[in-house]
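# Fold the stuff below for me.
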Amino acid sequence: MEDTQSRTDERKLPIQKVGIKNIRYPLAVSNGNGNLQHTVATFDMAVELPQDQKGTHMSRFVEALNEFQESVSLSGIQRLVNVLKKKLPSPGVFLRVEFPYFLEKKAPVTGSASMMDYTIILTAESHEDDRITATLIIPVTTLCPCSKNISEYGAHNQRGLVELHVRFADPATADFDRLIRCVEETSSCEVFALLKREDEKFVTERAYENPVFVEDLVRDIALKLAKEGNVNWFKVEVTNFESIHHHDAYAMIDSDHISGFRTLEALAATVKTK
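Numbers count the residues shown, from 1 in each chain. Just a heads-up that it's a prediction; the model follows:
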């Protein structure tokens, strides 16, 4: 049968991305330590289309996904990118995989166990070289240092959201659990799915003892990441959903805008973080 997509297009307009979005697929997720958990991921897949080609072959995206039977580690995503390159020759290949990632957490006093979910997004862009980025979205609690200092009693606190974007020197050993702990340990207090009264007392008092501005949190996380030998680039974004203001507080640090990792590592070695 005629391959209509391979016809020549006379309009001479290249398309930067064309493909499929929002296809769900069951996968086993690896955290880099060999531990697996089963989840469902949402895939977006696209290629760059040259100006003289009428269309891409949409079915080949699904074929590539059906051939992909590995766990979702960063090295596994690289292999999926390689499959797409073979099936859909193109100057550029784009891939986005989003899935919930679960950790069992125990309440700090009663030890009540529950499952806490985090969102992980893996993105890959392939042109002359391949670039894979992991994004972890981690909820935290923050308590305002200013409110604590000026109030006779109490202080306002709020939920915060940390978006951690990371590229690894060795994707095969990327450890999602470690990165989540890195963020939670730096916040005023971590968030739990299940708390009894004794636990609520503990987390309320812990947050009060560990006040952080959004600026404090983003800087402390950056310093912790600087000590991670497997991280060769990061961007940290922190949003506090303010409880007494009609706006959110936001801060961001991109390691590309710091005077190199060598300087950041040296700084991290001299500064005590939580």
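# Identify the residues contacting V162.
Neighbour list for V162: 136-140, 183, 187, 217, 221, 236-238 [criterion: CB atoms under 8 Å, 6 or more residues apart in numbering]. (Glycine included, C-beta is placed from N, CA and C.)
# actually K106, not the one I typed
K106 neighbours (CB under 8 Å, 6+ apart): 112-113.
# Same check on R178?
E228.
# Which strand residues bridge the spatially most central residue of the chain?
Central residue of the chain (CA atoms, centre = their mean): T135, 1.6 Å from the mean position. Assessed by DSSP bridges, T135 has beta-bridge partners I121, H165.
# again with F99
For F99, the beta-bridge partners under DSSP bridges are I120.
# Surely it and H38 touch.
No: taking contacts as CB atoms under 8 Å, F99 lies outside contact range of H38: 10.3 Å.
# what about those two, which has more around it?
Of the pair F99 and H38, F99 is the one with more neighbours under other CB atoms under 10 Å, namely 23 against 10.
# Give me the distance between the more buried one and G92.
Note on F99: its distance to G92, by CB to CB, to the nearest Å, is 24 Å.
# Could you do V214 as well?
35 Å.
# Among those two, which residue is more densely surrounded?
Counted by other CB under 10 Å, V214 and G92 do not tie: V214 has more neighbours, with 20 against 15.
# now that one: how far from E190?
Following CB to CB, the distance that separates V214 from E190 is 17 Å.
# can you map out the strands along the stretch 151-274 of the chain?
157-168, 189-190, 231-240, 249-254 (DSSP state E, counting those that start in this stretch).
# out of these, which comes closest to Q53?
strand 157-168 (30.9 Å; CB to CB).
# and the angle for that closest one with strand 249-254?
In this structure, strand 157-168 runs at an angle of 10 degrees to strand 249-254, with axes from the mean of the first three to the mean of the last three CA atoms, to 10 degrees as the basis.
# Turn the strands of the stretch 151-274 of the chain into TSV, columns for distance to L103 and mean pLDDT.
Putting the strands of the stretch 151-274 of the chain into TSV (distance: least, CB to CB, whole Å; pLDDT from 0 to 100) gives the following:
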stretch	distance to L103	mean pLDDT
strand 157-168	15	95
strand 189-190	11	96
strand 231-240	20	95
strand 249-254	25	96
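# so what's in contact with F99 and H38 at the same time?
Contacts common to F99 and H38, judged by CB under 8 Å, 6+ apart, are 27, 29.
# Could you report the neighbour count for P211?
The burial count for P211: 18, using other CB under 10 Å.
# show me what contacts it?
142-145, 147-148, 155, 188.
# Torsion angles phi and psi at the closest residue in space to it that isn't next to it in sequence?
Residue nearest to P211 in three dimensions, not counting chain neighbours: P145, with 3.9 Å by CB to CB, 6 or more residues apart in numbering. Per-residue torsions, P145: phi -60, psi -40 (degrees, to the nearest 10).
# let's have the chain start at 30 instead
OK, 30 is where the count begins now, so the last one is P174.
# Identify the residues contacting P174.
240-242, 245.
# Work out the gap between stretch 189-203 and the centre of the chain.
Taking CA atoms, centre = their mean, to the nearest Å, one finds stretch 189-203 lying 6 Å from the centre of the chain it belongs to.
# A222 is in contact with M144, correct?
Yes: using CB under 8 Å, M144 makes contact with A222 at a distance of 6.4 Å.
# So those two - more neighbours on which side?
Remark: of M144 and A222, A222 carries more neighbours, 15 against 11, as counted by other CB under 10 Å.
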